[in-house]
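Trainee: My questions concern the predicted model and sequence given below.
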Amino acid sequence: MADGQDGGTAAWTKVVYVPSRRFQQGDALAEFALSRFEDGRRVLPMYSSLELLVAGCGEDQPWVAVQLRAPEGVEELAELAGADVVLWDVDFTQMDGDAP
C-alpha cells in the first residue's frame, strides 16, 4: 500500500504554527491570538511554516507550534480556540491594523 493508505490507521501528523498572546516560561497554557472580521466572526490564523508566520506577523509575534494528529485537527483546534474561521498563511503586514 502507498504511504498513508493502510485503512485509516496510518500516523498522520502535521505541525502548524499559531500566533499567540505573550506568555512566560512556566505558564500552564498558551492563549492563541484571535483576530476579528468586521462582522464579529473570530479568526484563528494558522501558518504552514514558521517562516510564513514571521513574514505575515513580524518577528516579535509570539507563536505556538501545534502538532495535529488528524486532518480534522484544524477544525478541532479552531473550536477549542473559540474561532469561527481559520485563515492560512495570511500576511498581516499588508493589511491596515495590527497583527494578531
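Mentor: Happy to help now that I have it.
Trainee: who touches the closest residue in space to Arg69 that isn't next to it in sequence in this structure?
Mentor: Distance criterion Cβ to Cβ, 6 or more residues apart in numbering; nearest residue to Arg69, sequence neighbours excluded, is Thr13 at 5.7 Å. Yep, even glycine has a C-beta here, placed from its N, CA and C like the rest. Applying Cβ atoms under 8 Å, 6 or more residues apart in numbering, we find Thr13 in contact with 67-69.
Trainee: quick one, helices of the protein?
Mentor: 50-57, 73-81 (DSSP state H).
Trainee: quick one, which of those helices is nearest to Gln94?
Mentor: helix 50-57 (8.6 Å; Cβ to Cβ).
Trainee: As PDB, could you dump the C-alpha coordinates of the closest one?
Mentor: Extracted as PDB, the C-alpha positions of helix 50-57 are listed here (Å, rounded to 0.1, in the frame of the first residue of the first chain):
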ATOM      1  CA  LEU A  50       7.500  29.300  11.000                       C
ATOM      2  CA  GLU A  51       8.900  31.400   8.100                       C
ATOM      3  CA  LEU A  52       5.500  32.200   6.900                       C
ATOM      4  CA  LEU A  53       4.300  33.200  10.400                       C
ATOM      5  CA  VAL A  54       7.200  35.600  10.800                       C
ATOM      6  CA  ALA A  55       6.700  37.000   7.300                       C
ATOM      7  CA  GLY A  56       3.000  37.500   8.000                       C
ATOM      8  CA  CYS A  57       3.000  38.700  11.600                       C
END
